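Asks: Build me a structure from this.
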Amino acid sequence: MSGNYPRVYDAESRNDPDFPWFEYDETFRFPDPDETHGTVVAVGGNLSPGMLVSAYTQGIFPWFNEDDPLYWQSPDPRFVILPENFHIPSRLVRDLVKNRFEIRTDTSFERVINFCSGVSREGQVGTWITDDIIEAYTDLHREGLAHSVEAWQGNQLVGGFYGVLLGDVFFGESMFTRVSDASKTAFAVFARYFFSEMKGRFIDSQVYTDHIARFGGCNISRSAYLRKLSDGLGSAPFARRGLWRPDMLMSWQGQ
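Replies: Model prediction:
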């Protein structure tokens, strides 16, 4: 997967034209993250659906900057929310009963991922949600594997996040907010539903963030993560494939 790459990368040059294209139900075997020093497991390849799904099922995800090659990463430690640790901050619990937002799912995936790409983050120049990432995850959404959770006020999309669902594991990718507490409310409603109704095993947040830590996120070793991932995927990682109803979370907002 590695080789001679141009000095500057973009959505046109990052994918290796000589690398095979994998459909979502085709598997690519990455190097074992547990045998990797550092976080980068592989370099190159492409963002085909099968590559992305193969990566997630092996504890790996793409993460690079605009001018980087395609880096496949597996951090150690890994930041996750386990069902026994999940909680909603008390201030947000009080806010939930006010029903300030209508929480919907999978009604505006492309808008959510584009809004996430425009978020300015401290210490970060540019965005890792590049044009090729947007295209690749939008394709996964069309396959029923990537999802958006959205906070609305009237006809205005004011916050939300997106991620990938495989088996009993939700892999969170990014969120945005344009109104105070919009994305937090969307995440709280979803996570409560995911653990209670969907019997989810864990939510993967990849690396530490203060935001997810407030909901009970914790670091676990990469080896522990890979074991939990294997249990969470089971024998049917595509069992939940398909779009979610827009009103899936509505009855949970004020609870």
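Asks: In the stretch 101-250 of the chain, where is pLDDT below threshold?
Replies: Scanning the stretch 101-250 of the chain for pLDDT under 70 picks out the ranges 120-127.
Asks: can you give me the strands in it?
Replies: According to DSSP state E, counting those that start in this stretch, the stretch 101-250 of the chain carries its strands in the segments 102-105, 146-153, 156-166, 169-177, 202-206, 218-220.
Asks: Turn those into TSV, columns for distance to residue 139.
Replies: For glycine as for every other residue, the C-beta is placed from the backbone atoms N, C-alpha and C. Shown next, in TSV, are these (distance: least, Cβ to Cβ, whole Å):
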stretch	distance to residue 139
strand 102-105	18
strand 146-153	8
strand 156-166	12
strand 169-177	14
strand 202-206	20
strand 218-220	30
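Asks: To residue 9, which of the ones you listed lies closest?
Replies: strand 169-177 (20.0 Å; Cβ to Cβ).
Asks: Count residues in the vicinity of residue 175, would you?
Replies: Residue 175 has 25 neighbours, counted by other Cβ atoms under 10 Å.
Asks: Contacts only, for it.
Replies: Under the criterion of Cβ atoms under 8 Å, 6 or more residues apart in numbering, the neighbours of residue 175 are 116, 159-162, 183, 186-187, 211.
Asks: let's see 6 Å
Replies: With contact taken as Cβ atoms under 6 Å, 6 or more residues apart in numbering, residue 175 is in contact with 161, 183.
Asks: now do the one 4 residues further on
Replies: By Cβ under 6 Å, 6+ apart, the contact set of residue 179 is residue 158.
Asks: So it versus residue 113, what's the distance?
Replies: Here the distance between residue 179 and residue 113 works out to 19 Å (Cβ to Cβ, to the nearest Å).
Asks: So the residue nearest to residue 130 when sequence neighbours are not counted versus residue 161, what's the distance?
Replies: Nearest residue to residue 130 in three dimensions, chain neighbours excluded: residue 66, at 5.6 Å (Cβ to Cβ, 6 or more residues apart in numbering). When Cβ to Cβ is the yardstick, residue 66 and residue 161 sit 21 Å from each other.
Asks: Could you check which of the two has the larger neighbour count?
Replies: Comparing residue 66 with residue 161 by neighbour count (other Cβ under 10 Å), the higher total belongs to residue 161, at 24 against 17.
Asks: Could I get the buried residue list for the top helix by length along the chain?
Replies: Counting by DSSP state H, the longest helix found in the chain is helix 182-196. Neighbour counts over helix 182-196 (16 or more other Cβ atoms under 10 Å) mark 182-195 as buried.
Asks: Same check on stretch 216-229?
Replies: Going by neighbour count (16+ other Cβ under 10 Å), the buried part of stretch 216-229 is 216-217, 219-220, 222, 225-226, 228-229.
Asks: and these as TSV, adding distance to residue 250?
Replies: Compiled in TSV, those are given as follows (distance: Cβ to Cβ, whole Å):
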residue	distance to residue 250
216	24
217	26
219	33
220	33
222	37
225	32
226	35
228	30
229	30
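Asks: on that earlier part again, so the residue nearest to residue 130, which of the three states?
Replies: coil (DSSP: H, G, I helix; E, B strand; the rest coil).
Asks: which residues touch residue 31?
Replies: 41-42.
Asks: ok so, going back, out of the buried residues of stretch 216-229, which is nearest to residue 76?
Replies: Of all the buried residues of stretch 216-229, the one with the least separation from residue 76 (Cβ to Cβ) is residue 222, at 3.6 Å.
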